[in-house]
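Student: predicted coordinates and the sequence they were generated for:
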Amino acid sequence: TVLVIACPCALGLATPTALVAGIGRGAGQGILIKDARSLEVACKVNAVVLDKTGTITLGKPSVTDITPLQGDTNTHLGLAASLAKRSDHPVSRAITRAAETDGISLSEVQDFAAIPGCGIRGQVDGLTYQLGNRRLAAATQLNAPELETQIDALEGQGKTVVLLMDNQSVLGLFAVADTVRDASRIAIAELHALNIRTIMLTGDNPHTARAIAAQVGIDEARGNLLPEDKLAVISSLASPPAKVGMVGDGINDAPALAQADIGFAMGAAGTDTAIETADVALMDDDLRKLPLFVRIARKTAVILWQNIALALSIKAVFIVLTFTGNATMWMAVFADMGASLLVVFNGLRLLRK
């Protein structure tokens, strides 16, 4: 009788039943979980780091302002779009769309090169042009106080400013604005309700970063970050046993996604590299699935421990009854199979809405 009661079937089913049900529940909600470890880590997450473009925002910005400093607007837009067409960055795509909408013809670009965290460079008709942020202008010593004033004014409106430059001067300014996802505000509020701190990291300027963060209610925003800077921030936030999550969609986010305790990728608009690197993919690019995943993970942990407690307590009770002479073989069978069925049915509760 003791041998039948002590059969560890229920204990062996307690954990995998809960984990598989939790993964299935996530999949039913459009949350693709690569392994069960992600559910365990998500229970301990106390901070979530989010990228801006394509994660908090739609990642489909549009050109709002063109300020020519030399020459005319169409010439500068044509040059900028010719360079931008070779890049897959959302800001570059916005400039290219603006030129196509205005029917401006593009030029052939030679010796094209991407400058990580700064912009792009190429030759048009034998002349070298650069398209990038103020960091690129500072690196080439083309920034000026009067330009800083104009740039600060545009960035204060939550816009991203890109500079078109040749080797001698800045030719024009392009202001690009992105739209915040409707779900971002709700998702951030729900994360705060779960006592999870939110931080936004972006390669964009600090003014725009703070403006976007204020719109959605993010606790902290940091701008002008290169991919390696994001890695450093992730490392600084790590404080075991608490865990740090990272949400991103682009190639530049992949190192940070790998460094974080748990990485979340935007499943629809995210790049293949980001999705491959992340532990969890949020389908439909709906950030509200992030707090939902945390709730599923926490519920899974509760049910897992319930299963373990059920399996051990039922067997303990019947073993005591056996040694007091009150247990029979049919009771032993009930203690074994009954406990196994209980943990399975308890785990299946995760599949309920």
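Tutor: Nice, I can see it.

Student: which parts of the stretch 201-350 of the chain are strands?
Tutor: Assignment of strands within the stretch 201-350 of the chain using DSSP state E, counting those that start in this stretch yields the ranges 220-222, 243-248, 262-266, 280-282.

Student: turn those into a markdown table, columns for mean neighbour count and distance to Asn46.
Tutor: Where C-beta positions appear, they are placed from N, C-alpha and C, glycine not excepted. Written out in a markdown table, the entries for the strands of the stretch 201-350 of the chain read as follows (neighbours: other CB atoms under 10 Å; distance: least, CB to CB, whole Å):
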| stretch | mean neighbour count | distance to Asn46 |
| --- | --- | --- |
| strand 220-222 | 19 | 14 |
| strand 243-248 | 28 | 7 |
| strand 262-266 | 28 | 12 |
| strand 280-282 | 25 | 17 |
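
Student: for those, which one sits closest to Ala21?
Tutor: For the strands of the stretch 201-350 of the chain, proximity to Ala21 was assessed by CB to CB; strand 280-282 is nearest, at 16.6 Å.

Student: sheet partners, orientation included, of the closest one?
Tutor: For strand 280-282, sheet partners with direction are given as strand 31-33 (antiparallel), strand 262-266 (parallel), following DSSP bridges.

Student: so Lys44 sits right up against Pro241, yeah?
Tutor: Yes - Lys44 is in contact with Pro241 according to CB atoms under 8 Å; the separation is 6.0 Å.

Student: so these two - more neighbours on which side?
Tutor: Residue environment comparison for Lys44 versus Pro241 gives the larger neighbour count to Lys44, 17 against 6, counting by other CB atoms under 10 Å.

Student: the residue lying closest to that one once chain neighbours are set aside: what's it in contact with?
Tutor: Nearest residue to Lys44 in three dimensions, chain neighbours excluded: Lys243, at 4.4 Å (CB to CB, 6 or more residues apart in numbering). Residues counted as contacts of Lys243 (CB atoms under 8 Å, 6 or more residues apart in numbering) are 41-42, 44-46, 261-262.

Student: among those residues, name the ones in helices.
Tutor: Where the contacts of Lys243 overlap with helices, as defined by DSSP state H, the overlap consists of 41-42.

Student: looking at the contacts of Lys243, which is nearest Leu348?
Tutor: Here the nearest of the contacts of Lys243 to Leu348, counting by CB to CB, is Ala42; it sits at 20.4 Å.

Student: was I right about that closest one contacting Ile262?
Tutor: Yes - using CB under 8 Å, Ala42 is in contact with Ile262, at 6.1 Å.

Student: now for those two: what residues contact both?
Tutor: Common neighbours of Ala42 and Ile262 (CB under 8 Å, 6+ apart) are 243, 245.

Student: just send the strands of the stretch 201-350 of the chain back as CSV, with distance to Arg349 and mean pLDDT too.
Tutor: CSV is the format used below for these (distance: least, CB to CB, whole Å; pLDDT from 0 to 100):
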stretch, distance to Arg349, mean pLDDT
strand 220-222, 37, 92
strand 243-248, 25, 93
strand 262-266, 24, 92
strand 280-282, 22, 92
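
Student: re earlier: Glu40 versus the residue nearest to Lys44, what's the distance?
Tutor: Counting by CB to CB, to the nearest Å, the separation of Lys243 from Glu40 is 9 Å.
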